[in-house]
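# pasting the structure only:
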C-alpha cells in the first residue's frame, strides 16, 4: 500500500494536542476520582529511549512528554503509547479491553471488511467498540469501567487479576466467530501480555507517518488512510474508548460463559440482558411526572439530568433511557447516548427531592411516594 507523506511534523502535532493525550492518560473512575495510565513517548525500536511513566498530574505529564520529544529529536514521528491498565494510588483499578489486528499478518482490505462486519454484529448486541486505524493495522478499544464497577469491591482485585486471561478467551471467541463467517483474520494476542500497551488515539506512527484516527465505516479503507495522513482534516472528538449499553450483560458473558469455555454466538449477550439487570427500586413520583411531560414538551437541561441520574441509579438500560428522550425536538441518539455513558462513568447520584422541587416548583403539587 503506497505511503503518503505526513503533512505535519510529529513533534509539533504531539505538543499541539497535549490535552488530547492527557485526557487518555487521566480518566474518571468514581465521582471526583481519576485513574492514571502509564504512558510512553518515543520509538520503542530505538535503543532504551527512556522508560514508561505514570504521571501524578498534568505538570509531570507535560514535563515527561517534552523530555521524551527532546530525546527523540531526530525521529520525525515519535509515537505516544498508553497502557491497558489504569492505576489509582499505585493499584490497578481498571483493565480496558483492547484489540489489535496487524496488517503485516493480514491483508488490509480483508481486515477492514472483517472489522466492519464484526462492528455491525457487536452493535446489535449493544457493544460499541471504538475502532481506529493504526499505522500498520487496526485497533479496537472498549471502556470496561462500567463492567468492573459491577463487581463487589472485595472481589474486584481477583476479578482484575483474571481479566487478561479472559480477554484472550474473548478475543479468541471473536476470531473464531469471524473465521466461521469466512473472514480469515488473525488477532495479535501479544497485547494482553505485560502492560497491554496500545498506541494512543491521534498518535503519530513512527514508520508509516500516519496518525491514529477513529475509523469511519461510511468511507472505504483508502479514504480512511487518506485521512490518517491528512490529520488536519479529522475532527478530534473527546471519546477515546468504546462503550457497552448494558454492562450487566457483558459481565455475565465474561464471567460465566468464558469461565465455562462454552462456545456461543453473540446473540447470547442480548438474550441475557434482562436477567442481568439489577433490581429497580422505583422512580420517584416527581421524576415520573417529568418523564410524562417529556412526551409532549421540551425539557430544560436540568430536568433531563434529573431524569437521567434517576434512571441510571435505578438500573435502566441505555436503550430504555433513550426512549424516554426520543420525543424531544433536539433529540440526537448518538449525542444522548454519549451523555448517558458519561453520566454512568462519573457515578452521579440522583437529585435530592428537595433540590428537584426547588428547580421545578410546579412539581410540588405531585404527591410524594
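Perfect, thanks for sending it. Please read all numbers here as calculations on a predicted model, not as lab measurements.

# all helices of the stretch 51-200 of the chain, in order?
58-71, 108-124, 145-148, 153-180 (DSSP state H, counting those that start in this stretch).

# redo those helices as a markdown table? Include distance to residue 285.
(Each C-beta comes from the backbone N, C-alpha and C, glycine too.) Rendered in a markdown table, the data for the helices of the stretch 51-200 of the chain read as follows (distance: least, C-beta to C-beta, whole Å):
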| stretch | distance to residue 285 |
| --- | --- |
| helix 58-71 | 44 |
| helix 108-124 | 36 |
| helix 145-148 | 28 |
| helix 153-180 | 32 |
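
# next, count neighbours for residue 320.
Neighbour count of residue 320, defined by other C-beta atoms under 10 Å: 13.

# just the strands from the chain, written as ranges.
In chain order, the chain shows strands spanning 26-28, 34-42, 79-88, 91-95, 97-102, 127-128, 130-133, 137-142, 198-199, 213-214, 243-244, with DSSP state E as the criterion.

# can you say which of those is nearest to residue 289?
Ranking the strands of the chain by proximity to residue 289 (C-beta to C-beta) places strand 243-244 first, at 29.8 Å.

# does anything pack onto that closest one? Which helices or strands?
strand 127-128, helix 145-148 (3 or more C-beta pairs under 8 Å, 6 or more residues apart in numbering; DSSP states H and E).

# neighbouring contacts of it?
Taking C-beta atoms under 8 Å, 6 or more residues apart in numbering as the criterion, the residues outside strand 243-244 that touch it are 126-128, 142-143, 146-147, 250, 337, 341.

# swap in 6 Å and give it another go.
127-128, 143, 250, 341 (C-beta atoms under 6 Å, 6 or more residues apart in numbering).

# and residue 94, what does it touch?
Residues in contact with residue 94 (C-beta under 6 Å, 6+ apart) are 86, 145, 148.

# can I get those residues in JSON lines including distance to residue 306?
Below are the contacts of residue 94 laid out as JSON lines (distance: C-beta to C-beta, whole Å):
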{"residue": "86", "distance to residue 306": "30"}
{"residue": "145", "distance to residue 306": "24"}
{"residue": "148", "distance to residue 306": "27"}
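
# which of those residues count as buried?
When the contacts of residue 94 are checked for burial by 16 or more other C-beta atoms under 10 Å, the buried set is 86, 145, 148.

# follow-up on the earlier one: ok, which of the helices of the stretch 51-200 of the chain comes nearest residue 192?
Residue 192 lies closest, by C-beta to C-beta, to one member of those: helix 153-180, at 4.7 Å.

# count of neighbours near residue 57?
Burial of residue 57, expressed as a neighbour count using other C-beta under 10 Å, amounts to 11.

# right, and the helices and strands packed on strand 243-244 - which one's nearest residue 228?
strand 127-128 (21.2 Å).

# list the contacts of that closest one.
Outside strand 127-128, the residues that touch it by C-beta under 6 Å, 6+ apart are 242-244.

# of these, which is the most crowded?
The member of these that has the most neighbours, counting by other C-beta under 10 Å, is residue 244 with 26 neighbours.

# how much space between that one and residue 168?
Distance, residue 244 to residue 168, by C-beta to C-beta, to the nearest Å: 19 Å.

# quick one: low-confidence ranges for this protein?
Within the chain, the stretches with pLDDT under 70 are 1-8, 30-31, 46-50, 194-195, 231-232, 256-281, 367-369.

# neighbours around the nearest residue to residue 116 once chain neighbours are set aside, how many?
Counting by C-beta to C-beta, 6 or more residues apart in numbering, residue 217 is the residue found nearest to residue 116 once chain neighbours are left out, at 5.1 Å. Burial of residue 217 is recorded as 14 neighbouring residues (other C-beta under 10 Å).

# before we move on, back to that, just the closest of the contacts of strand 127-128 to residue 346, please.
Distance ranking of these against residue 346, using C-beta to C-beta, places residue 243 first at 13.3 Å.

# please report how far the residue nearest to the closest one when sequence neighbours are not counted lies from residue 241.
In space, residue 243 comes closest to residue 341 once its chain neighbours are excluded; the distance is 4.6 Å by C-beta to C-beta, 6+ apart. In this structure, residue 341 lies at 9 Å from residue 241, with C-beta to C-beta as the measure.

# ok, now how distant is the residue nearest the centre of the chain from residue 182?
For the chain, the residue whose C-alpha lies nearest the mean C-alpha position (C-alpha atoms, centre = their mean) is residue 241; its distance is 1.9 Å. Distance check for residue 241 against residue 182: by C-beta to C-beta, it reads 29 Å.

# about what we covered before: pick the most deeply packed of the strands of the chain.
Highest mean neighbour count among those (mean count of other C-beta atoms under 10 Å): strand 243-244, with a mean of 25.

# ok, that one: who's next to it in the sheet?
Paired with strand 243-244 in the same sheet, following DSSP bridges, are strand 127-128 (antiparallel).

# contact partners for the residue nearest to the centre of the chain?
Under the contact definition (C-beta under 6 Å, 6+ apart), the residues listed for residue 241 are 130, 141, 143.

# of these, closest to residue 188?
residue 141 (14.0 Å).

# wait, what's in contact with that closest one?
With contacts defined as C-beta under 6 Å, 6+ apart, residue 141 is in contact with 98, 130, 241-242.

# farthest-separated two in the contacts of strand 243-244?
Those two in these that are separated most widely, counting by C-beta to C-beta, are 250 and 341, at 13.3 Å.

# perfect, I'm done here.
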